[in-house]
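In: Just need the structure, nothing else, for what follows:
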Amino acid sequence: MRKTKIILLILTNVFIFKLVCAQESEAKLIFRSGFEPKTRLTKPDAEGDWFDIKGIDESLPDKNNWIGDLENNDHIRAFKVRYGGGDDSMRYARLINDPTGNNAGKVLKYYIKEANSNDYGRGRIQAALYLQDNVKEVYSKVRVFLPNYTWAKVKDIDMSFTWLMPMELWTDINKSEGKRSRISLNYYKNEKGPVDNLFWRLTASHTNGGGKYITDWNINNTAIPVPLNQWVTYEYYAKQGDKDNGRFYMSIQPDGEDKQVVFDVHNATQSPNNDYPSGFDSWATMKLYTNKELIEQVEAKGAPLVMFWDDFEVWSNKTPCDPNCEDSSDIKNSINVANTIAKIKLYPNPTKNDVIISGSKRGDALKIYDSTGRKVMQKIITSGYEVLDISKFNEGLYIFKINNETVTLIIKN
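Out: Residues are numbered from 1 along each chain as shown. Now for the predicted structure:
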């Protein structure tokens, strides 16, 4: 059982106790697999496009059957892998030994050498959950490895990009134009030529009457680089809703390191034209999708696009816990003894260069004080997801006051 943590929060000079991460009795594991024997990929269909993952991961005690558990439940109606066109000389998905050699286990490999989609303008491999009606909340984890032999070259190509996608979540994909919407996670390169790091981009969009996508909101996280050449757990949670009650959360945790929250966005996760969405209906939790130019530039440097996946989990009725377990939504039955706890989140915390302010809104007044009570900054928030440069601040404890809410930040140089 998970142990109860009691965390002391200092908010507006008042000491408040909050019991968090106390119960997970409602959370239900639907499925998990590390791709171990007897897991196998089936042959693609006659068009060479769709195929399945089948079998049982006998390294795990239960919830390990790709058909019996993953597809035989109230939340998921099917799980499929799709190429979207091409042949094995252009792209493939295969089960191989862990390329790091750190264990003897199997992993899922994605490989794209040429644009393989039906119009040959894009490259795609995706494994997706096709959900039952009225699934309003989703939660999953998967481990990802981005090898340097590919991704160092991605950092060096002579183009910037915002489209290199490992995850996509759809609402009402089969409904009429204007009601379809999606949440897309992308790796993000903010300038041409060599860069030190890739970053994260999250976009919500919906279709208009002409089949084109209209962006509802866009967020770039340039405070947390995309980890390369190490195994990293990606944790996802989404709640369907409008701008007042929708949420998308993502964290990463490199093996042996602390968890970092990349996004915790409280905003619309459905089309503004869709007042009665029927739930999320397809979720590509393991995806590699980008454009032809990027694939060709990486190939010109002598490498295909390659990424690896492992330890895939799907849960129902589970919400995330932030790195300090301070989010009351983590456990629906947690005990909240103080309604005055701030909704504002700061991360990374501690930090030394940038800090992300989540939970505020455009027009909010921000004041920052050091540990002596001296005001060191004052500004107006410009979005609900503000990235603030604090690299010139001295090391120490700082108090962020936004309207009537107060949270603390530790800066370590």
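
In: Now do the SS call for the closest residue to residue 354 other than its chain neighbours.
Out: Nearest residue to residue 354 in three dimensions, chain neighbours excluded: residue 223, at 3.8 Å (Cβ to Cβ, 6 or more residues apart in numbering). Heads up, the C-betas are built off the backbone N, CA and C, glycines and all. Assigned state for residue 223: coil (three-state reduction, DSSP: H, G, I helix; E, B strand; the rest coil).

In: who are the neighbours in contact with residue 223?
Out: 348, 351, 353-356, 387 (Cβ atoms under 8 Å, 6 or more residues apart in numbering).

In: for residue 110, same thing?
Out: 91, 93, 125, 286, 288, 305-309.

In: That one sits in which helix or strand?
Out: For residue 110, the host element (DSSP states H and E) is strand 106-112.

In: just checking, what packs against the next helix or strand after that strand?
Out: Next along the chain after strand 106-112, taking DSSP H and E as the criterion, comes strand 122-131. Other helices and strands packing on strand 122-131, by 3 or more Cβ pairs under 8 Å, 6 or more residues apart in numbering; DSSP states H and E, are strand 76-82, strand 91-97, strand 106-112, strand 280-291, helix 292-300, strand 305-316.

In: could I get those as a markdown table with mean pLDDT?
Out: Formatted as a markdown table, these follow (pLDDT from 0 to 100):
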| stretch | mean pLDDT |
| --- | --- |
| strand 76-82 | 96 |
| strand 91-97 | 96 |
| strand 106-112 | 97 |
| strand 280-291 | 96 |
| helix 292-300 | 97 |
| strand 305-316 | 97 |
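
In: Quick one: closest of those to residue 157.
Out: Closest to residue 157 of those, according to Cβ to Cβ: helix 292-300, at 4.0 Å.

In: Just give me how far the closest one sits from the chain centre.
Out: A distance of 25 Å separates the C-alpha centroid of helix 292-300 from that of its chain, computed with Cα atoms, centre = their mean, to the nearest Å.

In: So which elements touch that helix?
Out: So helix 292-300, by 3+ Cβ pairs under 8 Å, 6+ apart, packs with strand 122-131, helix 148-156.

In: could I get that helix in PDB with only the CA atoms?
Out: C-alpha atoms of helix 292-300 as PDB (Å, rounded to 0.1, in the frame of the first residue of the first chain):
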ATOM      1  CA  LYS A 292       8.400  14.400 -45.100                       C
ATOM      2  CA  GLU A 293      10.900  17.200 -44.900                       C
ATOM      3  CA  LEU A 294      11.900  16.300 -41.400                       C
ATOM      4  CA  ILE A 295      12.300  12.600 -42.200                       C
ATOM      5  CA  GLU A 296      14.400  13.500 -45.300                       C
ATOM      6  CA  GLN A 297      16.700  15.900 -43.400                       C
ATOM      7  CA  VAL A 298      17.300  13.300 -40.700                       C
ATOM      8  CA  GLU A 299      17.900  10.600 -43.300                       C
ATOM      9  CA  ALA A 300      20.400  12.900 -45.100                       C
END
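
In: Name the surrounding residues that touch it.
Out: 112-115, 120-123, 150, 153-154, 157-159, 161, 163-164, 304-305.

In: again with stretch 368-385
Out: So stretch 368-385 is in contact with 219, 263, 265-267, 356-367, 393-394, 396-402, going by Cβ under 8 Å, 6+ apart.

In: low pLDDT regions in the stretch 251-400 of the chain?
Out: 322-343 (pLDDT under 70).

In: how does it look with 90?
Out: 256-258, 273-278, 320-365, 367, 369-392, 394-400 (pLDDT under 90).

In: which ones are touching residue 185?
Out: Counting by Cβ under 8 Å, 6+ apart, residue 185 has contacts 165-168, 200-202, 250.

In: change it to 10 Å
Out: Residues near residue 185 by Cβ atoms under 10 Å, 6 or more residues apart in numbering: 164-169, 200-203, 234, 236, 248, 250, 262-263, 284, 287.

In: now do residue 202
Out: 167, 183-186, 188, 217-221, 248, 250, 262-263, 265, 267, 385.

In: can we see that at 6 Å?
Out: Residue 202 sits next to 185, 219, 263 when contact means Cβ atoms under 6 Å, 6 or more residues apart in numbering.

In: Same check on residue 125?
Out: 83, 91, 93, 110, 288.

In: quick revisit: for residue 316, find the nearest of the helices and strands packed on helix 292-300.
Out: strand 122-131 (10.7 Å).

In: Give me the distance between residue 157 and residue 281.
Out: 34 Å (Cβ to Cβ, to the nearest Å).

In: Kindly report the same for residue 192.
Out: From residue 192 to residue 281 the distance is 37 Å (Cβ to Cβ).

In: which residues of the stretch 201-350 of the chain fall in strands?
Out: Counting by DSSP state E, counting those that start in this stretch, the stretch 201-350 of the chain has strands at residues 213-221, 232-239, 247-254, 260-265, 280-291, 305-316, 345-347.

In: would TSV of these with mean neighbour count be doable?
Out: TSV is the format used below for the strands of the stretch 201-350 of the chain (neighbours: other Cβ atoms under 10 Å):
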stretch	mean neighbour count
strand 213-221	16
strand 232-239	20
strand 247-254	20
strand 260-265	22
strand 280-291	22
strand 305-316	21
strand 345-347	21
